[in-house]
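Asks: Sharing a model prediction with you, sequence too.
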Amino acid sequence: MHDLDLTSLRLFVAACDHRNIARAGEQEHIGASAISKRLAQLEQQVHASLFERHRRGVVPTAAGEILLEHARAMLATADRVARDMAAYRHGVKGQVRVLASVSSITEALPDDIAAFLQMPAHAQIRVDIEERTSSELVRALRDGLAPLGVCWDAADLEGLQSRLYRHDELSVAVHPDHPLAKLKACELAQTLEYDHVGLPANTAVHTMLARAAAIIGKPIYYRAVVSTFDASLRCVQAGLGLAVMPKEIVEGSGQTKRVRVVRLKDGWAKRRFAVCYRNYEQLSPAARLLVDHLSPRRRGSA
């Protein structure tokens, strides 16, 4: 097989995304006939049919789906190479890409990374943070698409190395007029009588709550599903339901007068976060410095 060129792979991904060669051409500013020729050459290179062609568009074949996964990874790597080299030309001597869960980003991670970058020894290091769900984050680290991740340590970290980062405590945020607002602490079972405000199903918090509710034997009724903890708080303030979320986020929001915080007594409510990676020794010098900085023994008590 001849070397695959990135342009053909980019056109292939565009055709898969749009399910239409003409629309892929519009996105990539190239004629449909030129894309068709490129795709036909790509099929010859890989010795497989990559599309089922229909009157209204195209659909990847089984072989096409396999190539699509690899093509996305190759293009992501090429884009990172271009960004890293551009950063190096502008004087950045180290660049670290960190994938992080929404909880870690909403809590302390940005401040901890800012403190790292403010150190004179790290003046020529750049750190980029991207939000991911825990499952997406772990998959990306295993596939080599990013060097570092920060997530809840209950995620499936098999095959990865990790260090303790910080901890937090889940609580129940309720409207001041909510029946549970009078309590200082409660169990999840007591909240299941009321409407909840939750995060999407692929987030760690949603998965954990679903598992805990299943053990109790009762469902969680979601009146609203939003993408951020900030949006959850706004829904709680509007009286749409209660939200299970980190106590640290509620207290740091400055909304404690408009929202009551009820401690969760369940043991799983105390969570630990980890910095994870494939192999510490294979990380870049800049990435190793960041891992060491985020470790509690270097940063101080979490």
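Replies: Perfect, thanks for sending it. Treat the numbers as computed from the prediction; the structure is a model and nothing was measured.

Asks: Give me the secondary structure label for Ala173.
Replies: strand (DSSP: H, G, I helix; E, B strand; the rest coil).

Asks: right, I mislabeled it, should have said Ser135
Replies: helix.

Asks: Now do the closest residue to it other than its chain neighbours against Val172, distance only.
Replies: Excluding the flanking residues, the one nearest Ser135 by C-beta to C-beta, 6 or more residues apart in numbering is Asn202, at 6.4 Å. Where C-beta positions appear, they are placed from N, C-alpha and C, glycine not excepted. Noted for Asn202: a distance of 22 Å to Val172, by C-beta to C-beta, to the nearest Å.

Asks: low-confidence ranges in the stretch 51-200 of the chain?
Replies: Low-confidence segments of the stretch 51-200 of the chain (pLDDT under 70): 84, 87-92.

Asks: how about the helices in it?
Replies: 62-89, 102-106, 109-117, 134-142, 188-191 (DSSP state H, counting those that start in this stretch).

Asks: Give me whichever of those is most buried.
Replies: Stretch with highest mean neighbour count among those: helix 102-106 (a mean of 23; mean count of other C-beta atoms under 10 Å).

Asks: so how far is that helix from its chain's centroid?
Replies: Centroid separation between helix 102-106 and its chain, computed with C-alpha atoms, centre = their mean, to the nearest Å, is 10 Å.

Asks: Near Cys235, how many other residues are there?
Replies: 22 (other C-beta atoms under 10 Å).

Asks: Once you drop chain neighbours, what's closest to the residue nearest in space to the middle of the chain?
Replies: Nearest to the mean C-alpha position of the chain, by C-alpha atoms, centre = their mean, lies Arg132 at 0.5 Å. Leaving aside its sequence neighbours, Arg132 sits nearest to Leu99 (C-beta to C-beta, 6+ apart; 4.5 Å).

Asks: More neighbours: which of Asn202 and Val172?
Replies: Neighbours were counted for Asn202 and for Val172 using other C-beta under 10 Å; Val172 has more, 29 against 12.

Asks: one step back: okay, the helices of the stretch 51-200 of the chain in a markdown table with distance to Leu148 next?
Replies: What follows is those, written out as a markdown table (distance: least, C-beta to C-beta, whole Å):
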| stretch | distance to Leu148 |
| --- | --- |
| helix 62-89 | 13 |
| helix 102-106 | 11 |
| helix 109-117 | 11 |
| helix 134-142 | 8 |
| helix 188-191 | 32 |
